[in-house]
Structure formats: C-alpha cells, structure tokens
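[1] Here's a sequence, model it:
(chains A, B and C)
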Amino acid sequence: MRNRRNASLLNFFSLFIIFIILFSFIRSGQMNNYYSNILVTVGISIIMAVSLNITSGLLGQLALGHAGFMSVGAYTAGIITKSLPDMPFAFSLAIALLAGGILAALFGFLIGMPALRLKGDYLAIVTLGFGEIIRVVVENLNITGGAAGLSRITRMSRALAVDKKMSAAIQFGVVFWLMVIVVTITFTLGRSRHGRAILSIRENEIASEAAGIPTTYYKLFAFTLGAFFAGIAGGLYAHQIGLLTPRHFDFNRSIEYLVMVVLGGMGSITGSIVSSAILVSLPEFLRGFADWRMVIYSLTLILMMIFRPSGLLGTKEFSLSKTVHKIQKFLAKKFVRKERKPKLPFVPNYDVWEGKPVLTVENLGIRFGGLVAAENINLHVMNDEIVGLIGPNGAGKTTVFNMLQGVYVPTCGSITLLGKDIVGKSTYEIASSGIARTFQNIRLFKSMTVLENVKVAFHTRMTYSPLSGITRASRYDSEERGIDIRARELLHVFDMDDVADENAASLPYGMQRKLEICRALATNPKVLLLDEPAAGMNPTETAELMDTIRRIRTRFSVAILLIEHDMSLVMGICERIYVLNYGHVIAEGTPEEIASNEEVITAYLGMSNKDNKEDKAC
Amino acid sequence: MLIVKDLSLYFGAIHALHGISFHVEEGEIVTLIGANGAGKTSILCAISRILPIKTGDIIFNGNSITNTAPHLLPQYGLSQVPEGRRVFARMSVKENLEMGAFFRKDTAQIRRDRDRVYEQFPRLKERRHQLAGTLSGGEQQMLAIGRALMSSPKLLMMDEPSMGLSPILVSEIFEIIKTINEAGTTVLLVEQNANMALSVSHRGYVLETGKIIAEGKSQDLLNNELVKKAYLGIA
Amino acid sequence: MTLFLSQLLNGIHVGSIYALIALGYTMVYGIVQLINFAHGDILMLSAYLVVVGITKLGLSPALSVLLSIVVAVVFGVILERVAYRPLRSSPRISSLITAIGVSMLMQNVAQLIFSPNPIPYPITLSVPALNLGGLYLSFTTILTVVLSVGLMFLLQIFVSSTKAGKAMRAVSEDTGTALLMGIHVNRIISLTFAIGSGLAAIGSLLYCIAYPSVAPTLGSLPGIKAFIAAVLGGIGLIPGAMLGGFILGIAESLAKAYISSRMSDAIVYGILIIVLLFKPAGLLGTKTREKV
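    Model prediction:
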C-alpha cells in the first residue's frame, strides 16, 4: 500500500510538472495557437485511442465503428452548449461533455447488447454497420444540421477566459486533465479485479466463464465504458474545432484510431499514448509530405502486421513508479507504517454432506440434431470421493463434463449439485455454485502471470465495485491483499511459489496443468472436474499428478470426477470408476471390478478375434 | 519401404515423441498401438509433413522426405487416411474419390481404380452422388479409405480407422484392410483397438507417452503383458 | 405498379453487380477466412486502368477493359502472395488489419497519382431503352444482368465440374486434408484470388457504365455493400453471395424509392444487422461450434 501511494504521488507530481510547464508556455504566448492546437488534438486522440483499446485491446474484440460514439458525443455536446448560450461557458461545457459521454455510453450499451453475442469477424462487421448507421442518421436529422453539419459551436480556445492566450491555455488544461483522468481510470480499472475479469475474457473466454466470470456482463461493461470515453472525446473535439460535419466521423476516422491502437500494441495503454502522440504530431511537422501522410499510415499498418504484429509495446505498460521503486530499493530506508488488516475472501460454507452424494446425475442425455451423443447417464459422486470416468475415444465423456458445467444443455435428465438442480444455469453460475473444471487442451490466460491466473478465479468471492477499484478505496485494498495471500497459499500447495510472477505461457507443460488445477480450486468448489489431466505427461509427471490429486482431496475436502486415458492413474487413485461407451454407462465399480469386467475389456482392447479366442481356450 | 529414425516432435508445449525409430517393409501391415495421448497420431502427422519435426529422419523408398512439402507425398506413393475420416462433407462420394486422385493424370487408370473401389465398397457405389456429410460413420470411413486408395499408394497410412464405429463395422473395416494389403498395398496402421490391430497385422510397435516400449510380431504382442498393462494398468 | 417494377428492375440491375463483387469476398473468405477489405478497391483500380488505357495509351475501349481485367487478376495474386500469405498462421485480427491497410494504401496512392477529384468514365452505352408499356428497360440493365448472371453461372459450373474448381471447394472445407490429397493448396488459393479479382474488374466495368464517375474512393461504397451482401447470404458460400447481392440490390432500390433515398444506406446496414442477429451465419449459412 505504501508503494502504491508513493507511486501515485510520483505519477501525479510528474504530470503536474509537465502541465505547469506547458500551461505557462501557452499562457505567455511562447507557444502559439498552432502548437497548442496540436497538443489538444493529441490529448483528444489519446482519449479516443485509450477508449478503443478498452474494447479492442483489453477485451480483445475488434470494433470498427468507434468514430460513431465520438460523433454522438460531439453532436450532443455541441447542441447542448448551443442551446444554453446564457449559461457561463464553463458550466455549459461541463454539462455538455458529461451528457455527450452518457449518451454515447447509452448507444454503446444498446449496440453492445446484440452485437457482443457475435464473435470475431461478425462483431467487427456489425460494429462497422452501426457506425455507418449513426453517420447516416446524423446526416439526415435536422437537429444535427444534416449534411451541412453543426456550425458556430463555442470554441474552448476563445470562450474559457477573456484573454485569448489564457483561454487557449485553459483549453489545454481541460483536455490535459480529462486525458489524465481517462488514462488513470483505465489503468486502475485494469489492475482491479474487474480489469482482470475483462482480460481473462480476451485470453480465453471459455475458461473465464468456467472460473465464474459473468462474461456477457463484462463485455458489455467494457464496450459501454469505451463508448463513454469516446463520447467525452467527441465533446471536446466539437468545442475545439467549432464545426461538425458527419464526414468527420466516417469509417476512415475509426480506422485512424484503430491504427493508433494497433501501432501502440493492443492492450497496452502506454502504447496507445505513445502512438497517438506520434501519429498526430508527426504529420503536422511533416506538413510538406501531407499528401503522403495517409500512404505512410497505411504502409506502416501493413508492415507492422507482417513484421511486428504485437505493435510497438505489445501488451506491456511503462511504469514510472517501477523504475523509481528500483532506485528506492537501492537506497533502502525502512519505516514502519500501520497497515490495514487484509480481508480474506469469503469462504462459502457448504453443509457437510456425509452420506448424501454432492453430485447426482439422473437419466442424463443429449442429442445434437439426430445424433444421440449421450443417453441414460446415471452417476453420483460422494463428498471426498475420487471417481473416474473412462471409455474409448468418442464415448461421450467430455460431453458429460460439458453438460455438468452448463456448456451444453442436456435434452433430458437432471443434474443435482448439493441438493440443487443446476440444469439450465449458465456456466459462470454453476462455477459459483461449486463445480470447477480443467480442460482437455489446457486453457490458461496465457499473457497473464501465474498469480493473476489464480486471482481471476477469486472474482466471485470479492465484492468491491468498479468505482472502488478505480479510486483504490479501502475495500479494494483489503480484498486485494486478502486474495493475494490466499492465492499465494494455493500456489504454495502446488509448489509454485517461485513462479508466481512468471507469465503462464512460459511454464513447462506439467506446471501449466498444475496451474489449471490450482485455478480451478480457487473458486472453492465442492466438485472438481478434471478432463484428461495426465494428457501428455510422462510416468514421473503422472506419479506427481496422482500425488497432487490425493493431496487436493484431503486438504480441500473436494470431490473429484476425472476423465483419463492413462490407466495407471485411473487405477491408482480412483475409488470408483464409471465406464462409458457409445454414450452409455456400461459399467460401474471399483478398479478391481472394472479391470476384470469382460465388457470393459472388450470396449477397450476391442473385439477379440476368433483365432485369439481359440488360443486362449488352449 | 519406410524408415523412421530418432523422431522427436513437439506438439505445442508437449514433447510428444522422444526419439522414435521404426520401419515398415514392403507388403507388410505394421501397426502402432498405444493408449490415447501416447503420440500415435503425431507420428503419422510427422510423416505426412503436416507437423514440423524437431529432430530425426524419415526415409521413404530410399529418399529422405524429412523436408518435402506435404502435397508432394501422394505423388511418391504415400497416402494417409486421416483420423476422424475427414471426408469433404459438402462434396459427393464421387467427388471425394476424384479428390483422392487429384494429382494423377492417367484418366483411364483412374477410372479403373475408381471402379475397383466401388467393387470393394458396394455401399459407396450405391451412394456415389450423395453428399459425403450425409453418410453414416462406417460409410464415411469406407469413403476415406477409398479416397486414399484412389491415389494408388504404395504405402497407405491409416489413423485410427475404428474410432467411433460399432463392433460389427470395425470387423468389416479390418477385413477390408487385410484385403487391401493382400492386393499389394503396404499398410501402416495406427490404432487404439489393440486386439483388432494386432490380429490383422504382421508386426507391431507399442507406444507409451511418446516412446516405443515393445515391438515384435503381432502374434507375440497379442499375449504380451506389457500391452495389457499399457491399456488397463494392471500387471 | 410501374414504379414498383421499375425499382425492382433497378434493384436487380445493381444487385447483379453487387453479387459479382460479392463472389470475390465470399470465395476468399471461404478459402482463407479473410475479409479482403481491399477487394472493393479493385473496382477503382480497374476503372482507372480503363481511363488510362483510353485517354493516355490510346487503346480501344475493348483492349482497355481487357488490360484492366488482366492487371486486376495479377494484382490480386501478388497481393495475396505479399501481404496475406505471410500472415496465414497469425491471429485473424492481423490479417484483418492488413487488409484494411492495403485498402487505404490503394486509395491514397490513387489519390496521389490521379487527384481526389472525380473524372468521367470514358465508356458509355447510348442505346435507347426499350419501352414496355411505360416500363423503361435500358440496354445497360439487360447487358449487366445477362453478363453477371452468365458469369455466375460459369463460375458455378467451374466450381462444380472442373478439377480446379472442386479442389477449391476441398481446400475451403478442409485445408489440411486437401494437402494430404496432394492438392497444391497455395496455387489453389492464388487461383481463388485471381478469379475474384477478375470478376471484380468486370463488375467495375458494369458499375461505371451505370455510374460513370471515377474517383479514388470509387470502390468503398459498392465494396462495403457487396461485402454486406456476401455476409447476408452466408459468407463463404457462393450461392450465398449471389442471393445476398440480389436481395441487397432490391432492398436498396425499394428503400430509396419508398422510404428515403438518403437513408437507404442505413437501411441496408440495418437489414444486415437484423439478419445476423437471428441467423449469425447468414441466410444460407450453418453455425459451427467451438470445441470445448
């Protein structure tokens, strides 16, 4: 906490210095209108780029109509200040900007609701469509002045003070500090649990949902927030230029901001800031090459994608405080400060389920079109049991898991977890109710650290709001510290303390598996579904895994249902086994019973040849 | 005919194969068996050059194909029936077979080969204008085999032909494999169904987590304890 | 009634052009899952080539058109080779952005060379229209529809009956397995781009005869509309592109006549969005599940 406070102070201090310097240049006339205008444009572009980065970089969904939100904000703000000519400009401007932002956010929400149901290319197309619709509608409304546009909007550089130079300086100030606020909010939100949730959706939506994140809510949240900031940028733009035409907000505009985000690195806020500054100011200083500007833009885009698709900064962020912190450590000086007590995440209190199964599946079945993938599945898992689910390829094992987790909705039958029916619930609800899962092909949040991967899973057990996350209020602080402790504890159980700050993608395969299991446990489940946990492991790693699973069961008091092909593992740790074939349960029993079951042997080793049978008879 | 030396392969982060060596002689049926995740499909994908090889050599009929482009292999006489059949669902049975012979120019012989496939798989002939996606699992498997045969291969590699098929169909398919071999095609068979695979093949290799743990005549392997252990985990 | 019919004819006219262009989008998407944003700009490229051919090189109109088609085809193939092939294994978003970049590049280079001001298209048809009881059927319309439909027909035959065409279908469906068959996948992809670009070049001729003004941004609007048509019908499916093109053309025409000329663009987008929300894979498309 002390570190964070110091970091914030340091950042604020440096910003303030920069501001004072630039402000005085403009105020004194040493920087003329041309240059101060560039600064203002840079500021507005940074806001736009950062807002787009929230949707496309942090959330990972490419949206192509962002200029539409800017235009909503711009026109709204312009119309408002024009209709309040008697109010002091400072007030009407404030109202206008806020209104512009809110209306843009509303549009974002309304567009996001249907659009975010689509994926990838389709989302891009639909957002493009909406952007164009906004443009066409604006072009045809009277209130917006139609194709001729809205003119004679009060300009900040004239109306914020009596003296023109002072007014220009204040204009700069308004834009500068608004930019700082937007960037700060984005940064702090990104570091909070809400930011983690959003990032996890980008990394792996299915795993995110399985970890308890309500993905639809967060997609909408990110989209709307991006629209809100874009709206504010629009309002600023309107009052900088003084004139709006629909042409200003066409597809090319959206592309310009996309280029800034891509160039800086999608997901890197710092990158967006740097690239916006470069892309706005450079052409101004290369006025002679104005004609070539767009050509260079496009070439840069193409070459960037081919040679450095992650952009200038990739997903990295520059941290002033980290650099200073390193210096501080070097000049170590300790002083003790009273630290607030960490709030440990709420541990749900499950009733003790002795004697009753924690999970019951009755007559479960599902068909895809005409194909029956599973039928008449009956199984149950008792508290603290380790149960195996085996069967040849295509027998329907993963299908059963998918139904247990709500990824597929069964066509018949029931699933009861801790006495409650969970059929029809969404995956993240089921995750919060007590079922956690690992996947056949490991689904980690690759560009997040090991610790962050685990922290995502604590999401549903935390309560602080986005606002709290942004303002770094006390609840944020205590809850974050709480889960930090818990997450590290968990990692300790798996002997992964020393890799806590490594990127998940850099771990060796066996450890990635462990991390996935660790993350699943962070949701404090009552039932843990492991889908082929030993896939790709050598005998040593498998033995280690068996040990880990046993430890988990004891320490976390959790029932485990696992799918596996590695028989040494299944026979070694499962107390009971269900055998599936062609979508039906063909056998159930202890490992010994299963190993000597004729039907099972046939299902696995295949039909015996006639000759073979004769040999055996002899 | 086919020699694989010291093949090592990474599948993403997994070290899927650790220095595998085996060979296939002309006229044989050789089978690779092992549990899921043992690395069987990776081997075929490596030979077909669909997966990049870390280290090792693949020699086909005396020529090294370690660096050959994948689409050239059928011309050399190496064809694969992929895992999961992978028929072109939106094309008809007839068109699928045509695709199998894509690189060939000898139209008359292609037609003769096609007729031979129809003879071998009468059900395919009945449905030759039907879209492949509407065929049953067994029929699709037959189509996939027929399609691979259309390239007139010297070595036919098959990846888990029994997957997802009912026991009766499995027997049928394996009978067909025997017939194909008797007609002169060498077969490399990757299978999960060890009994079936070992009963039709001449020699076999047993894989476990990317290494060969047993090899020999199929008859011997059938009664081998190691095979039982690899599958059912009992000594 | 006459108004309705004449607008319908208009719609079929412009719809057939959209369909022709949409084919290029859909074939490319089907085979490499890329939205080739630069496709629409091929219209512009061909138009300028015809202009240059006739006014600067003194070629006959026919020869200029031929030149424009040939250059467009070559351009399409080179574009794929240079800008898209390196990105085949990169995330989809990279290819998307590159395509956008190429489109912008083309437009801005054209602007540098030719200036942003529109210039007239040097080929016009001045054959009097047929009068069918008050309904005017222009020669241009007949030519456009016949030529477009004819080409689509030929394409359909190509794809269903020729070896290369079937290979295109195979590669679109399953590139990996196509490789196993010995199909030279890269060549097939180049062929796809070539055909798409060629069709776009012809589409350019038909479009410019109807709207004879050439500017660097020529390809933007019809390009986007053709793209929407492809998505509407079900992107990746050739019949989808044809269906989508005609539906879009007719919808646009009727919207212009009966609702508002200026809002017709928005209406077109609106139709797309509504369709996508109910049928995410387009009218003729089928949804694919992600494997969990």
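[2] secondary structure element for the residue most central in space within chain B?
    The centre of chain B sits closest to residue B:158, judged by CA atoms, centre = their mean, with a distance of 1.1 Å. Following DSSP states H and E, one finds residue B:158 within strand B:155-159.
[3] Mind naming the longest helix for chain B?
    helix B:167-182 (DSSP state H).
[4] Show me what it is packed up against.
    strand B:29-34, helix B:137-149, strand B:186-191, helix B:194-200 (3 or more CB pairs under 8 Å, 6 or more residues apart in numbering or on different chains; DSSP states H and E). Yep, even glycine has a C-beta here, placed from its N, CA and C like the rest.
[5] same thing but at 7 Å, please
    Helices and strands touching helix B:167-182, by 3 or more CB pairs under 7 Å, 6 or more residues apart in numbering or on different chains; DSSP states H and E, are helix B:137-149, strand B:186-191, helix B:194-200.
[6] okay, the angle between the longest one and strand B:155-159?
    Yep, that's helix B:137-149 we're talking about. 150 degrees (axes from the mean of the first three to the mean of the last three CA atoms, to 10 degrees).
[7] Not counting helix B:137-149 itself, show me its contacts.
    B:79-81, B:85-87, B:93, B:96-97, B:99-100, B:117, B:121, B:123-124, B:127, B:132, B:135, B:156, B:161, B:164-165, B:169, B:173, B:176, B:180 (CB atoms under 7 Å, 6 or more residues apart in numbering or on different chains).
[8] of these, buried ones?
    With burial judged by 16 or more other CB atoms under 10 Å in any protein chain shown, the buried subset of the contacts of helix B:137-149 is B:79-81, B:85-87, B:93, B:96-97, B:99-100, B:117, B:121, B:124, B:127, B:132, B:135, B:156, B:161, B:164-165, B:169, B:173, B:176, B:180.
[9] From these, which land in helices?
    Members of the buried ones among the contacts of helix B:137-149 lying in helices (criterion: DSSP H): B:93, B:96-97, B:99-100, B:117, B:124, B:169, B:173, B:176, B:180.
[10] I'd like the mean pLDDT over the host helix or strand of residue B:212, please.
    According to DSSP H and E, residue B:212 maps onto strand B:211-217. Average pLDDT, strand B:211-217: 85.
[11] What pairs with that strand, parallel or antiparallel?
    Next to strand B:211-217 in the sheet, as set by DSSP bridges, lie strand B:203-208 (antiparallel).
[12] Next, the angle strand B:186-191 makes with the strand it pairs with.
    30 degrees.
[13] Write out the residues of the stretch 351-500 of chain A neighbouring chain B.
    By CB under 7 Å from any CB of the partner chain, the residues of the stretch 351-500 of chain A that approach chain B are A:392-394.
[14] brain fart, chain C
    For chain C, the contact set with chain B under CB under 7 Å from any CB comprises C:166-167, C:169-170, C:173-174, C:176-177, C:179-185.
[15] Near residue A:386, how many other residues are there?
    23 (other CB atoms under 10 Å in any protein chain shown).
[16] Same question for residue C:90.
    For residue C:90, the count of nearby residues is 13 (other CB under 10 Å).
[17] How many residues are close by the residue lying closest to it once chain neighbours are set aside?
    Distances taken as CB to CB, 6 or more residues apart in numbering or on different chains place residue A:309 nearest to residue C:90, at 5.8 Å, with adjacent residues excluded. By the criterion of other CB under 10 Å, residue A:309 has 19 neighbours.
[18] Adding mean pLDDT, write the helices and strands packed on helix B:167-182 out as CSV.
    Converted to CSV, these look like this (pLDDT from 0 to 100):
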stretch, mean pLDDT
helix B:137-149, 89
strand B:186-191, 91
helix B:194-200, 84
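[19] need those in JSON lines with mean neighbour count and distance to residue C:257, can you?
    Putting the helices and strands packed on helix B:167-182 into JSON lines (neighbours: other CB atoms under 10 Å in any protein chain shown; distance: least, CB to CB, whole Å) gives the following:
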{"stretch": "helix B:137-149", "mean neighbour count": "24", "distance to residue C:257": "51"}
{"stretch": "strand B:186-191", "mean neighbour count": "25", "distance to residue C:257": "64"}
{"stretch": "helix B:194-200", "mean neighbour count": "25", "distance to residue C:257": "69"}
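[20] Pipe the ones you listed into TSV and attach distance to residue A:215 per row.
    Shown next, in TSV, are these (distance: least, CB to CB, whole Å):
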stretch	distance to residue A:215
helix B:137-149	35
strand B:186-191	39
helix B:194-200	43
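[21] quick one: the strands in the chain?
    No chain specified, so I'll use chain A. A:357-368, A:371-382, A:386-390, A:412-417, A:420-421, A:435-437, A:527-531, A:559-563, A:576-581, A:584-589 (DSSP state E).
[22] right idea, wrong chain: chain C
    C:119-120, C:130-132, C:135-137, C:213-214.
[23] returning to that earlier point: quick one, the strand holding residue B:158 and strand B:29-34 angle?
    30 degrees.
[24] Close to chain C: what parts of chain B are there?
    Near chain C, when you scan chain B using CB under 7 Å from any CB, you find B:48, B:50, B:70-71, B:74-75, B:80, B:82, B:86, B:88-91, B:95, B:98-100, B:102-103, B:151.
[25] Quick check: the residue of chain C nearest chain B.
    Residue nearest to chain B within chain C (CB to the nearest CB): residue C:182, separated by 3.6 Å.
[26] ok, which residues in chain C are in contact with chain A?
    Residues of chain C lying near chain A (CB under 7 Å from any CB): C:35, C:83, C:86-87, C:90, C:92-94, C:96-98, C:100-102, C:104-105, C:108-109, C:112, C:231, C:262-263, C:265-266, C:269-270, C:272-273, C:276-277, C:280, C:292.
[27] Show only the entries of those found in helices.
    C:92-94, C:96-98, C:100-102, C:104-105, C:108-109, C:112, C:231, C:265-266, C:269-270, C:272-273, C:276-277.
[28] so for stretch B:82-98, what's the average pLDDT?
    On average, stretch B:82-98 scores 89.
[29] what about that stretch, how long is it end to end?
    Start and end residues of stretch B:82-98 are separated by 17 Å (CA to CA, to the nearest Å).
[30] For the top helix by length along chain C, buried residues please.
    Of all the elements of type helix in chain C, the one with the most residues (DSSP H) is helix C:2-32. For helix C:2-32, a neighbour-count test (16+ other CB under 10 Å) marks C:6-32 as buried.
[31] who touches the closest residue to chain B within the stretch 201-350 of chain A in this structure?
    Residue nearest to chain B within the stretch 201-350 of chain A: residue A:204 (14.5 Å; CB to the nearest CB). Contact analysis of residue A:204 by CB under 7 Å, 6+ apart lists A:443, A:445.
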